[in-house]
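1. mind folding the following:
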Amino acid sequence: MDMGVRFTDLQCKEVICVNDGRRLGFITDVQVEVPEGNIIAIVVPGPCRFFGVVGRTDDFLIPWNCIRRVGPDIVLVDIKPNECRVPRGKRGLLF
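-> Here you go, the predicted model:
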């Protein structure tokens, strides 16, 4: 899939898994291949724990080749969410 997409075009779009219709969250970051500048993966923060008071669980790191469609408001991905989880870095007690 050849998509000319800028990060600002992806930012704040909701990511939905086409396998089960699950809403994974909103894109907050991307992984880029340097020096080529190709997007390797998108990063979606994991769900909040304990009503958002304690922080979040693992992030979703979704490979670019798993993106099926980029729409005006959503991004459809073909993944198994449990296989795309990566641990969040320890950023303090509450995060």
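2. what is the rounded mean pLDDT of the longest strand along the chain?
-> Across the chain, the longest stretch assigned as strand under DSSP state E is strand 38-44. For strand 38-44, the mean pLDDT works out to 87.
3. how about it: buried residues?
-> 39, 41-44 (16 or more other Cβ atoms under 10 Å). Where C-beta positions appear, they are placed from N, C-alpha and C, glycine not excepted.
4. and if you look at stretch 12-26?
-> Of the residues in stretch 12-26, 13, 15-17, 24-25 count as buried by neighbour count, 16+ other Cβ under 10 Å.
5. hang on, the earlier thing: mind putting the buried residues of strand 38-44 into CSV with distance to Val75?
-> Listed next are the buried residues of strand 38-44 as CSV, based on distance: Cβ to Cβ, whole Å:
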residue, distance to Val75
Ile39, 12
Ala41, 12
Ile42, 7
Val43, 12
Val44, 9
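6. quick one: which of those is nearest Leu76?
-> The shortest approach to Leu76 among those belongs to Ile42, at 12.1 Å (Cβ to Cβ).
7. please name the bridge partners of the closest one.
-> Note on Ile42: beta-bridge partners by DSSP bridges are Val30, Ile62.
8. quick one: least confident helix or strand in this protein?
-> Least confident helix or strand of the chain, by mean pLDDT, DSSP states H and E, is strand 55-56 with a mean of 58.
9. residues contacting Gly25?
-> Residues near Gly25 by Cβ atoms under 8 Å, 6 or more residues apart in numbering: 14-15, 44-47, 60.
10. just the strands in this structure please.
-> 14-17, 23-26, 29-33, 38-44, 48-49, 55-56, 59-63, 67-70, 74-77, 85-86.
11. before we move on, back to that, the longest strand of the chain - contacts with which helices or strands?
-> Counting contacts by 3 or more Cβ pairs under 8 Å, 6 or more residues apart in numbering; DSSP states H and E, strand 38-44 packs against strand 23-26, strand 29-33, strand 59-63.
12. got CSV for the strands of the chain, with distance to Thr8 too?
-> Shown next, in CSV, are the strands of the chain (distance: least, Cβ to Cβ, whole Å):
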stretch, distance to Thr8
strand 14-17, 16
strand 23-26, 14
strand 29-33, 11
strand 38-44, 12
strand 48-49, 25
strand 55-56, 23
strand 59-63, 18
strand 67-70, 13
strand 74-77, 14
strand 85-86, 24
